[in-house]
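A.B. asks: 3D, please:
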Amino acid sequence: MATKDIIDTLAGIEPGSALDAIRARRLQARENAQKSYLSLFEPIDVSDFSLVERAAIAAFVTGLHGESPVAAFYREKLAANVDVAALLAAIQVEIKRGQTSGPYGAFPAGPLSIENKAGLIYRVSAERKRDLGTRLVAAFEHAHLLVFRPRDAASADMKALLAAGWSSTGIVTFSQLVAFLSFQVRVVTGLRVLGASLRHTAAGA
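C.D. replies: Residues are numbered from 1 along each chain as shown. Prediction:
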């Protein structure tokens with residue numbers, strides 16, 4: 001049985017609806033987004049990056065973007081695993097500590113330096129490190145970097161992940177996952193706004 005399109009599900013798109021027709025116009029983009037989701041969250045090989053870690057990072061990253069059906073979906077995905085109550089609680093605390101607006105950071109010295117903008121340098125609280133574990137502590141800090149201040153990313157940040165036990169393969173997948181989640185949040189938010197506008201227009205017709 002084919003997995004239902006995740007963006008359709010999160011955006012509340014029903015088969016045959018106006019939004020369904022709009023998405024069908026870009027069938028390849030729709031299919032590629034679904035393939036990306038399946039490869040990241042229903043992979044064949046999880047030896048470098050466990051399913052619980054993927055769900056935990058997804059809950060954190062989508063939570064940083066604000067409460068939404070996407071954030072709720074990944075919280076529920078994580079909650080479906082056993083013995084994650086402490087992890088879920090820690091994630092919610094860290095989301096609140098990490099929420100800010102971006103992007104910000106510093107460009108290399110040069111003409112773009114005028115665009116430099118200071119912002120939160122997020123670090124996991126000492127109280128939550130035990131619940132998260134070394135790998136997730138490093139992952140959360142790096143995910144926050146990628147979401148809000150990507151221009152500050154440096155080789156030292158990659159070394160921090162390696163030191164925490166992430167493999168090179170795991171880091172590549174992790175980076176892809178964070179990028180996909182940011183894309184997914186934006187797309188779902190846009191489709192839900194468009195859907196509300198279409199319904200409003202239809203009601204007033």
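
A.B. asks: hey, which helix is longest across the protein?
C.D. replies: For the chain, the helix with the greatest residue count under DSSP state H is helix 168-204.

A.B. asks: ok, so what distance separates the residue lying closest to residue 171 once chain neighbours are set aside from residue 8?
C.D. replies: Spatial nearest neighbour of residue 171, excluding adjacent residues (Cβ to Cβ, 6 or more residues apart in numbering): residue 161 at 5.3 Å. For the C-beta atoms, the positions are set from N, CA and C on the backbone; glycine is no exception. As judged by Cβ to Cβ, to the nearest Å, residue 161 and residue 8 stand 33 Å apart.

A.B. asks: what residue is smack in the middle of the chain?
C.D. replies: The residue lying closest to the centre of the chain (Cα atoms, centre = their mean) is residue 181, at 3.2 Å.

A.B. asks: Contact partners for that residue?
C.D. replies: 58, 61-62, 70 (Cβ atoms under 8 Å, 6 or more residues apart in numbering).

A.B. asks: Next one: it relative to residue 152, how far apart?
C.D. replies: From residue 181 across to residue 152, the span is 19 Å (Cβ to Cβ).

A.B. asks: again, but for residue 172
C.D. replies: To residue 152, residue 172 is 20 Å away according to Cβ to Cβ.

A.B. asks: swap in residue 6?
C.D. replies: As judged by Cβ to Cβ, residue 6 and residue 152 stand 31 Å apart.

A.B. asks: Check residue 19 too.
C.D. replies: Using Cβ to Cβ, residue 19 is found at 37 Å from residue 152.
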